[in-house]
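> below is the structure, and that's it, no one-letter string:
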Ligand SMILES: Nc1ncnc2c1ncn2[C@@H]1O[C@H](COP(=O)(O)OP(=O)(O)OP(=O)(O)O)[C@@H](O)[C@H]1O
Ligand SMILES: [Mg+2]
C-alpha cells in the first residue's frame, strides 16, 4: 500500500503540532473520569458492588466503558480530517498521484488509533491516581494487558474506519456531523459501557448484546475487575468478545479497503 | 508520435453541465501547450481528465503512450501536476510537504533529497524550506506547488492556472521560474490560464477554449495572423472630420465610424500610418488621439467568440481571486 507511511507521518505531525487538538485530546479523558466518577460516587457498599459486577467502585466498573467510548468519539475525527483534505484540494492532488486510494483513508485510521492509544494510557494513569479510583483488586496479569490492548486497538480501528467511510461517501460537513451524532449516542447508551446490566431495561439489554461497544467494554471489564482471579467461564466469554471484535475488525477492514479503492472521489 | 493525443474528450457532470464538449488536440514532446479560456471554459475539467482524476463521459486521451482510462496508474506515475488550488499542507514545512510527495514515487531517499534540494534552489525556496507553509506568501506557495509537481522528474507537467491570484509582478517572476524549469528539466508542459499575456509569454502552441469547445488552435503568431492586419483608431476633433476620415480608401476592411472616432483596418500599421497622415492633412482632419492596435490574443478571442475574454468572465474572476486570497489568509 504505497503512500501509507508518509501519509501517516503527516497525520501524526499535524496532530502533535496542533496544540489545541493535542491538549483537548489529552484532557478529554479526565473529563470523562471526573464526570462519571462524581456522578456515581454514591456506589460502593455490598449492594452497589454486586450491581457493579463486583467492582470495588464505580470508576473501576466504568473505566472499560470510558476507554471504549473514547475510541468511539476520537474515531469520529478521522472522518472529519478526510473532509478537510477534500475541501482544501489536498485530496484531489493525492488522488492524482500513484498511491493506493485506500492508503489515504488508512493513514487517517492509523493516526486516529495512535491518538486513541495515547488517550487510553493517560486515562488509565489518571484513573489510578485519583482518590477512590481504579483498583486492580485482583492483580493485573499479562492476559489483562493483552485483552485491554487488543480490545482498544480493535474498537479504535472499527470506529475510525467506519467514520472515515462515512466521510468517503458523504461530501457535506453537516451530514457527517449529523450521521456521526446519530450513530455515536445510541452506540454509547445502548451498550454495557456505562451502566451495569442490572440497571438496564430488558429490551435495551437485548440490543446491547449486539453492540461492539459492549463487547469491548465487557471484555476489558472482566479482566480489570477479576485480574488473576478470573474464572474460566469469564475467561471464555472474554475471549468470545475478542473473537467477535476480531471478526468485525476484519469485515470493516475489507469494507474500508474496497469502498475507498473504488469509491473515493475528490 | 505526440506525447499527448486527446480524442473527442467530453465531460458531462452529474446534473447535466457539459463542461467539456468533444475536444481533440495533440501536444508534442518538450513544447509548452497553452489552454486559454475564460472562467468556466472547462480547462480544469480537461486537466483533471488528462491526469486521470476524473472519468471522461466520452472520448479518451493517450498520455505518454498510456490510455488515461485503461492505464490510469501508469499515467499518474509519469506526470506531474500543479493544481489550480493551493494544496500543500499548511501545518507542515515546505520541505516536509515535498518529502512526503517524493515518497509517493519510486525514489530512493538519497535521490529524493537531491531532487528536493535542486528544486528548492531553482524555485528560490531554500531559505524558507523549514518554515511552515502557513507563513508562506501566495507566490511562495505557488512555487512550492510547482516544486511538488516536479519531484519525480515527470515527462509531462500539468500547470492549472499557475499564477491565479498573484499580483502582476509576482506573476511575471513566476513565468521566469517556469521558463527556467523547462530549460533545466526538459519537460513537456500543459498550461491553462485565462490571462492572455501569460499564454502569449509562455506557450509555444495553444488552443483557445470557450464553453467546453476548442475554437481555434495554433501558435500565437498563427492565431494573430488569422486576424487580418492592425487596427488604428483615431479620435477626431469633430464628427464632421471623422466623417471625412472615414472615406479613407486604403483599408483592408471598410472603416468603422462611431461619433468622432474612426477605426481603420490596415495591412500593416507601420507602413500605412504615413499614408493615413497624408490623407488627414489633405482633408484637414485634426486628430485628438491615435491608437494603434497590433493583433492580440484578445482580438483573436473577440473574433471567434464575439466577446472579450473579460466580458466572458463577468465578475467571476474577481470573485475567485478574492476567494483564493481568503483561503490563503485563513
Ligand atoms: N464538480 C462539478 N460538478 C458540476 N459542475 C462542475 C463541477 N466542476 C466544474 N463544473 C462546471 O463545469 C464548467 C467548467 O468548469 P472548469 O472548472 O473546468 O472551468 P475552468 O475553465 O477551469 O474555469 P476557471 O478558470 O474558473 O478555473 C463550469 O461551468 C463549472 O461550473
Ligand atoms: Mg480552472
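Nice, I can see it. No experiment lies behind these values; they were computed from the predicted model shown. Numbers count the residues shown, from 1 in each chain, chains lettered A, B, ... in the order given. Ligands and ions are numbered 1, 2, ... in the order given.
> contact partners for residue A:221?
A:53, A:55, A:61, A:64-65, A:192 (CB atoms under 8 Å, 6 or more residues apart in numbering or on different chains). Where you see a C-beta, it was placed from the backbone N, CA and C, and this is true even at glycine.
> one more time with 7 Å
Counting by CB atoms under 7 Å, 6 or more residues apart in numbering or on different chains, residue A:221 makes contact with A:53, A:61, A:64.
> same check, this time on residue A:242
For residue A:242, the contact set (CB under 7 Å, 6+ apart) comprises A:147, A:150-151, A:219.
> now name the helix or strand holding the closest residue to residue A:173 other than its chain neighbours.
What sits nearest to residue A:173 in space, not counting adjacent residues and going by CB to CB, 6 or more residues apart in numbering or on different chains, is residue A:83, at 5.8 Å. Following DSSP states H and E, one finds residue A:83 within helix A:58-87.
> hmm, the helix or strand just after that helix touching ligand 1?
Next in sequence after helix A:58-87, counting helices and strands by DSSP H and E, comes helix A:90-95. No: for helix A:90-95, no contact with ligand 1 is found by CB under 6 Å from any ligand atom; the gap never falls below 10.5 Å.
> name the helix or strand for residue 222, please.
Using chain A. helix A:212-226.
> my question was about chain B, not that one.
Residue B:222 belongs to helix B:220-225, assigned by DSSP H and E.
> would you mark the buried spots in that helix?
B:220, B:223-224 (16 or more other CB atoms under 10 Å in any protein chain shown).
> for the residue nearest to residue A:173, what are its contacts?
Residue A:83 touches A:167, A:173, A:176, counting by CB under 7 Å, 6+ apart.
> just the buried residues of those.
Neighbour-count burial (16+ other CB under 10 Å) applied to the contacts of residue A:83 gives A:167, A:176.
> now render the contacts of residue A:83 as JSON lines, adding distance to ligand 1.
Conversion of these to JSON lines gives the following (distance: CB to the nearest ligand atom, whole Å):
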{"residue": "A:167", "distance to ligand 1": "18"}
{"residue": "A:173", "distance to ligand 1": "17"}
{"residue": "A:176", "distance to ligand 1": "19"}
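> could you dump the contacts of residue A:83 into CSV and include pLDDT and secondary structure?
Below are the contacts of residue A:83 laid out as CSV (pLDDT from 0 to 100; DSSP: H, G, I helix; E, B strand; the rest coil):
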residue, pLDDT, secondary structure
A:167, 89, helix
A:173, 79, helix
A:176, 81, helix
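> mind checking how far stretch A:58-71 is from the chain centre?
Chain-centre distance of stretch A:58-71: 10 Å, with CA atoms, centre = their mean, to the nearest Å.
> ok, stretch A:60-79 next?
Taking mean C-alpha positions (CA atoms, centre = their mean), stretch A:60-79 and its chain are 4 Å apart.
> which parts of the stretch 151-300 of chain B are helices?
Assigned by DSSP state H, counting those that start in this stretch, the stretch 151-300 of chain B shows helices spanning B:168-185, B:196-202, B:220-225, B:239-245, B:269-282, B:297-305.
> how many residues are close by residue B:111?
15 (other CB atoms under 10 Å in any protein chain shown).
> can you tell me the closest non-neighbouring residue to residue A:86?
Excluding the flanking residues, the one nearest residue A:86 by CB to CB, 6+ apart is residue A:266, at 6.4 Å.
> and that neighbour, that's in a strand?
No: per DSSP: H, G, I helix; E, B strand; the rest coil, residue A:266 lies outside any strand segment and is coil.
> I'd guessed it sits against residue B:53; true?
Yes: at 6.3 Å, residue A:266 counts as touching residue B:53 under the criterion of CB atoms under 7 Å.
> anything in contact with each of the two?
In contact with both residue A:266 and residue B:53: A:92, A:95, using CB under 7 Å, 6+ apart.
> higher neighbour count, these two?
Neighbour totals were compared for residue A:266 and residue B:53, and residue B:53 leads with 22 against 16 (other CB under 10 Å).
> quick check: the gap between the more buried one and residue B:21.
19 Å (CB to CB, to the nearest Å).
> pLDDT score for residue 84?
In the absence of a named chain, chain A is used. Residue A:84 carries a pLDDT score of 88 in this model.
> hmm, I had chain B in mind actually
Residue B:84 carries a pLDDT score of 89 in this model.
> tell me who's in contact with it.
B:44, B:160-161, B:164.
> just give me the neighbour total for the closest residue to ligand 1 within the stretch 101-250 of chain B.
Nearest to ligand 1, among the residues of the stretch 101-250 of chain B, is residue B:194, at 5.1 Å (CB to the nearest ligand atom). Burial of residue B:194 is recorded as 24 neighbouring residues (other CB under 10 Å).
> now the one 5 residues further on
Neighbouring residues of residue B:199 were enumerated by other CB under 10 Å; the total is 23.
> same question, residue B:32
Neighbours around residue B:32, by other CB under 10 Å: 22.
> same list (the helices of the stretch 151-300 of chain B) but as CSV, adding mean pLDDT and distance to residue B:117.
Compiled in CSV, those are given as follows (pLDDT from 0 to 100; distance: least, CB to CB, whole Å):
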stretch, mean pLDDT, distance to residue B:117
helix B:168-185, 88, 13
helix B:196-202, 90, 26
helix B:220-225, 84, 35
helix B:239-245, 90, 63
helix B:269-282, 89, 49
helix B:297-305, 78, 38
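> okay, the ones you listed in CSV with distance to residue B:28 next?
Output for the helices of the stretch 151-300 of chain B, formatted as CSV (distance: least, CB to CB, whole Å):
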stretch, distance to residue B:28
helix B:168-185, 14
helix B:196-202, 15
helix B:220-225, 15
helix B:239-245, 47
helix B:269-282, 33
helix B:297-305, 21
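> low-scoring stretches of the chain, by residue?
Picked chain A for this. Within chain A, the stretches with pLDDT under 70 are A:1, A:29, A:36-51.
> let's do chain B instead
Ranges of chain B meeting pLDDT under 70: B:306, B:314-330.
> in it, what residue lies closest to ligand 2?
residue B:44 (3.0 Å; CB to the ion).
> returning to that earlier point: ok, and what's touching the helix holding residue B:222?
By CB under 7 Å, 6+ apart, the surrounding residues in contact with helix B:220-225 are B:200, B:206, B:216, B:295-297, B:300.
> any idea how far residue B:143 is from residue A:54?
For residue A:54, the distance to residue B:143 - CB to CB - is 65 Å.
> so between those two, which is more surrounded?
More crowded of residue A:54 and residue B:143, by other CB under 10 Å: residue B:143, with 27 against 14.
> give me the angle between the helix or strand hosting residue A:262 and helix A:58-87.
Element membership of residue A:262, judged by DSSP H and E, is helix A:232-263. Counting by axes from the mean of the first three to the mean of the last three CA atoms, to 10 degrees, helix A:232-263 points 10 degrees away from the direction of helix A:58-87.
> okay, the angle between helix A:232-263 and helix A:212-226?
150 degrees.
> which parts of the stretch 51-200 of chain A are helices?
Under DSSP H, counting those that start in this stretch, the stretch 51-200 of chain A gives helices at A:58-87, A:90-95, A:101-129, A:142-169, A:173-189.
> quick check: buried residues in the last one?
Going by neighbour count (16+ other CB under 10 Å), the buried part of helix A:173-189 is A:176, A:179-180, A:183-184, A:187-188.
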